[in-house]
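K.L.:
Got a predicted structure here, sequence first:
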Amino acid sequence: MSTNTVLIFGICFLLLATGVCFAVILGQLRREKIQKLHKQGKLVIATVTNVQQEREERGPAAFPLINYCYYIEAEWTDPQTGITYQFESNRLASSPKEYTRGTLVHVMMDPTNPTHYVMELPEYYV
């Protein structure tokens, strides 16, 4: 093997290892955020306002691979302040058929920073 080939393989391996480490760190940070919300957060029951479907196309234009992903949108109004908060689930790989407009969903939110929240959904959606 030439020196250039070894160098290219080494760089590719380093980039791949960095990407894997980055993904692991992001996953750990997300788990810690959710644990903190469960300890210090406030559980609210929000009303589903919409289920957004997005279409993703990958691959060659002649034969694209088409995937759909979904997002649950919900809102909750604080009875003490009258402020309405909007929530959106993480990306869902399958259609959340039981979550239609008007159904209820649990959201764990940080009362001091309502932009930090997690919509609590069954494991098969997450």
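P.N.:
It's in.

K.L.:
According to the record, where do the domains of this structure fall?
P.N.:
Domain assignment for the chain, taken from automatic domain parsing, gives 1-40, 42-126.

K.L.:
Dihedrals phi and psi, the residue minimising distance to the centre of the chain?
P.N.:
Nearest to the mean C-alpha position of the chain, by C-alpha atoms, centre = their mean, lies Asn90 at 2.6 Å. Note on Asn90: its backbone torsions stand at phi -70, psi 170 [degrees, to the nearest 10].

K.L.:
still on that earlier bit, determine which stretch of the domains of the chain is the most buried.
P.N.:
Highest mean neighbour count among these (mean count of other C-beta atoms under 10 Å): domain 42-126, with a mean of 14. Yep, even glycine has a C-beta here, placed from its N, CA and C like the rest.

K.L.:
tell me how far that domain is from the chain's mean position?
P.N.:
Distance, stretch centre to chain centre, for domain 42-126: 9 Å (C-alpha atoms, centre = their mean, to the nearest Å).

K.L.:
pLDDT on it, on average?
P.N.:
Throughout domain 42-126, pLDDT has a mean value of 90.

K.L.:
Begin at 83 from now on, thanks
P.N.:
Sure thing, new numbering starts at 83, so read that last one as domain 124-208.

K.L.:
Would you check how far apart the residue nearest to the centre of the chain and Pro178 are?
P.N.:
Asn172 sits 11 Å away from Pro178, taking C-beta to C-beta, to the nearest Å as the criterion.

K.L.:
go on, Glu139?
P.N.:
In terms of C-beta to C-beta, Glu139 sits 22 Å off from Pro178.

K.L.:
swap in Asn86?
P.N.:
As judged by C-beta to C-beta, Asn86 and Pro178 stand 50 Å apart.

K.L.:
cool, Thr85 as well?
P.N.:
Relative to Pro178, and taking C-beta to C-beta, Thr85 is found at 53 Å.
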